[in-house]
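Peer 1: Return a 3D structure for these sequence lines:
(one chain, ligands or ions: 2)
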Amino acid sequence: MLDEIKEKKRRGQLKALLDSMVEGVIVLDAQGKIILLNASIESIFGFKEEEFLEHPLIEAIRNPELDKFLKEVLESRRIRELELEMVSPVEKIFKIRAVFYGKQDEEIRGLLVIFNDMTALRKLERSKAEFVANVSHELRTPLASIKGFVETLRDGGLEDKKNSIRFLEIIESNVTRLELLINDILELSKMDSGKIALNKKGVNLKVLVEKTLEIMKPLIKKKNLAVEVKLDAKYAEMRADQGMLEQVFLNLLDNAVKFNKYGGLIKISGEIIESMYKVSVSDTGMGIPAEDLPRIFERFYRVDKGRAREPGGTGLGLSIVKHIIELHGGTVEVKSKNGEGSIFSFTLPKAG
Ligand SMILES: Nc1ncnc2c1ncn2[C@@H]1O[C@H](COP(=O)(O)OP(=O)(O)OP(=O)(O)O)[C@@H](O)[C@H]1O
Ligand SMILES: [Mg+2]
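Peer 2: Ligands and ions are numbered 1, 2, ... in the order given. You can find the predicted model right below:
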């Protein structure tokens with residue numbers, strides 16, 4: 001009786017210790033049945049220890065690959081590691097370390113299995129690799145064009161005065177494109193590294209919108225667009241990083257102009273929703289197909305690569321917008337009907 005109480009107490013202590021670990025821990029006996037598991041395992045796989053005590057692990061975590069691996073470790077009585085990309089019962093990448101404990105002639109033996117969740121890290125690595133591939137691709141196109149025209153000029157093209165000026169203009173526009181692209185990438189990587197400090201001051205969104213519209217005026221005029229601003233200056237006061245919010249409006253308005261139809265309309269409106277201020281920018285342009293909407297804020301994502309290349313877009317604008325708004329504690333959203341226009345909205349906390 002006393003032994004039993006002691007044993008219970010020891011188990012309780014061990015469980016409390018294991019529960020404090022970030023890693024998932026499972027202890028199995030020599031038959032592969034569950035003796036103990038910690039809170040982290042319970043929360044990852046969504047079951048309780050009581051449900052599967054003394055049951056084979058495969059009943060709790062129905063993953064044949066894991067089962068096969070653990071059986072092999074039990075047989076070989078070694079320490080083994082496996083990186084497992086699980087699809088079911090959960091979609092996660094684990095580094096699993098299985099350690100055999102006990103000796104052949106001992107009664108107590110089995111496996112200690114430790115789960116390290118690598119999902120976030122691997123995802124980050126993948127998106128970084130993708131980012132580098134995208135950047136290189138984007139840099140290569142204008143560079144190839146510059147190189148081509150420089151070669152043409154060098155190999156006699158200079159004789160032809162009229163054409164050589166045209167070539168220089170193309171070179172110049174490609175250089176500008178490279179400049180914009182590199183600025184955007186630097187901006188994004190600054191935000192990514194978390195090094196960026198928000199320089200928050202009192203900002204009036206209405207004033208900011210008017211300032212941005214002034215910058216965009218030539219482009220708006222060229223496309224004969226009407227602009228409607230419905231922001232109440234009285235409510236549009238908040239604490240935020242003015243330079244960054246200016247970038248948000250520049251990017252949203254640039255899109256609203258670029259993807260609008262000739263003679264179309266741009267509306268900028270604001271409303272208060274609880275503690276947030278919500279701003280929407282709508283246009284009467286080509287809209288965005290429903291299947292592209294979920295990915296529209298991703299870096300380098302463009303609906304139609306051919307179509308966006310024309311106005312010189314790199315597909316970074318909206319990812320910068322999202323980044324800035326999230327740094328301010330807000331969210332971004334898009335609604336669109338293909339062929340009719342789009343509404344881009346963001347929220348910002350009123351209190352800053
Ligand atoms: N108002 C809009 N109407 C229709 N399509 C849009 C609109 N805004 C964005 N898009 C689509 O989303 C894509 C991504 O937009 P984003 O602003 O990130 O990039 P971009 O405008 O192509 O390039 P950048 O902003 O870097 O110059 C665009 O290429 C376009 O296909
Ligand atoms: Mg853009």
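
Peer 1: going forward, measure contacts between C-alpha atoms and count neighbours the same way
Peer 2: OK.

Peer 1: Helices of the chain, residue ranges please.
Peer 2: Counting by DSSP state H, the chain has helices at residues 2-19, 39-45, 49-52, 57-60, 64-76, 119-154, 161-192, 205-222, 242-258, 305-309, 317-327.

Peer 1: Now render those as a markdown table, adding distance to ligand 1, mean neighbour count and mean pLDDT.
Peer 2: Output for the helices of the chain, formatted as a markdown table (distance: least, CA to the nearest ligand atom, whole Å; neighbours: other CA atoms under 10 Å; pLDDT from 0 to 100):
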| stretch | distance to ligand 1 | mean neighbour count | mean pLDDT |
| --- | --- | --- | --- |
| helix 2-19 | 44 | 12 | 89 |
| helix 39-45 | 35 | 16 | 96 |
| helix 49-52 | 47 | 14 | 94 |
| helix 57-60 | 44 | 17 | 95 |
| helix 64-76 | 40 | 15 | 94 |
| helix 119-154 | 11 | 14 | 89 |
| helix 161-192 | 7 | 15 | 88 |
| helix 205-222 | 14 | 16 | 93 |
| helix 242-258 | 4 | 20 | 94 |
| helix 305-309 | 5 | 12 | 54 |
| helix 317-327 | 3 | 20 | 93 |
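
Peer 1: Throw those helices into TSV and include distance to A236, thanks.
Peer 2: Output for those, formatted as TSV (distance: least, CA to CA, whole Å):
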stretch	distance to A236
helix 2-19	48
helix 39-45	43
helix 49-52	53
helix 57-60	54
helix 64-76	56
helix 119-154	36
helix 161-192	25
helix 205-222	5
helix 242-258	13
helix 305-309	32
helix 317-327	16
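
Peer 1: now these as a markdown table including distance to ligand 2?
Peer 2: As requested, the helices of the chain are exported to a markdown table (distance: least, CA to the ion, whole Å):
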| stretch | distance to ligand 2 |
| --- | --- |
| helix 2-19 | 48 |
| helix 39-45 | 39 |
| helix 49-52 | 51 |
| helix 57-60 | 48 |
| helix 64-76 | 45 |
| helix 119-154 | 15 |
| helix 161-192 | 11 |
| helix 205-222 | 13 |
| helix 242-258 | 5 |
| helix 305-309 | 9 |
| helix 317-327 | 4 |
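
Peer 1: Any idea which of those gets closest to F297?
Peer 2: Set against F297 and scored by CA to CA, the helices of the chain come closest in helix 317-327, at 4.9 Å.

Peer 1: from the chain's centre, how far out does that closest one sit?
Peer 2: Its chain's C-alpha centre lies 10 Å from the corresponding centre of helix 317-327 when counted by CA atoms, centre = their mean, to the nearest Å.

Peer 1: That one packs against which elements?
Peer 2: helix 161-192, helix 242-258, strand 341-349 (3 or more CA pairs under 8 Å, 6 or more residues apart in numbering; DSSP states H and E).

Peer 1: Out of those, flag the one nearest K234.
Peer 2: Set against K234 and scored by CA to CA, the helices and strands packed on helix 317-327 come closest in strand 341-349, at 15.6 Å.

Peer 1: helices and strands around that closest one, which ones?
Peer 2: Identification of packing neighbours for strand 341-349 by 3+ CA pairs under 8 Å, 6+ apart yields strand 276-283, helix 317-327, strand 332-337.

Peer 1: do the last one and ligand 1 meet at all?
Peer 2: No: using CA under 6 Å from any ligand atom, strand 332-337 stays clear of ligand 1, with a minimum separation of 7.9 Å.

Peer 1: Looks like I272 contacts E237 (just checking).
Peer 2: No: contact criterion CA atoms under 8 Å: I272 and E237 do not qualify, at 11.4 Å.

Peer 1: Of the two, which one has the most company?
Peer 2: Of the pair I272 and E237, E237 is the one with more neighbours under other CA atoms under 10 Å, namely 18 against 15.

Peer 1: okay, now the residue nearest to the more buried one when sequence neighbours are not counted: neighbour count?
Peer 2: Residue nearest to E237 in three dimensions, not counting chain neighbours: N204, with 4.4 Å by CA to CA, 6 or more residues apart in numbering. Using other CA under 10 Å, N204 has 18 neighbouring residues.

Peer 1: quick one: pLDDT of N204?
Peer 2: The model reports N204 with a pLDDT of 92.

Peer 1: Can you report how many residues lie near A233?
Peer 2: Using other CA under 10 Å: A233 sits among 12 other residues.

Peer 1: Return the residues in contact with the closest residue to it other than its chain neighbours.
Peer 2: Closest residue in space to A233, ignoring its immediate chain neighbours: K206 at 5.6 Å, by CA to CA, 6+ apart. Contact analysis of K206 by CA atoms under 8 Å, 6 or more residues apart in numbering lists L231, D232, A233, A236.

Peer 1: quick one: contacts for the third one?
Peer 2: The neighbours of A233, taking CA under 8 Å, 6+ apart as the test, are N204, L205, K206, V207.

Peer 1: State the distance from the residue sitting nearest the centre point of the chain to ligand 2.
Peer 2: Nearest to the mean C-alpha position of the chain, by CA atoms, centre = their mean, lies E298 at 6.8 Å. Per CA to the ion, to the nearest Å, E298 is found 12 Å from ligand 2.
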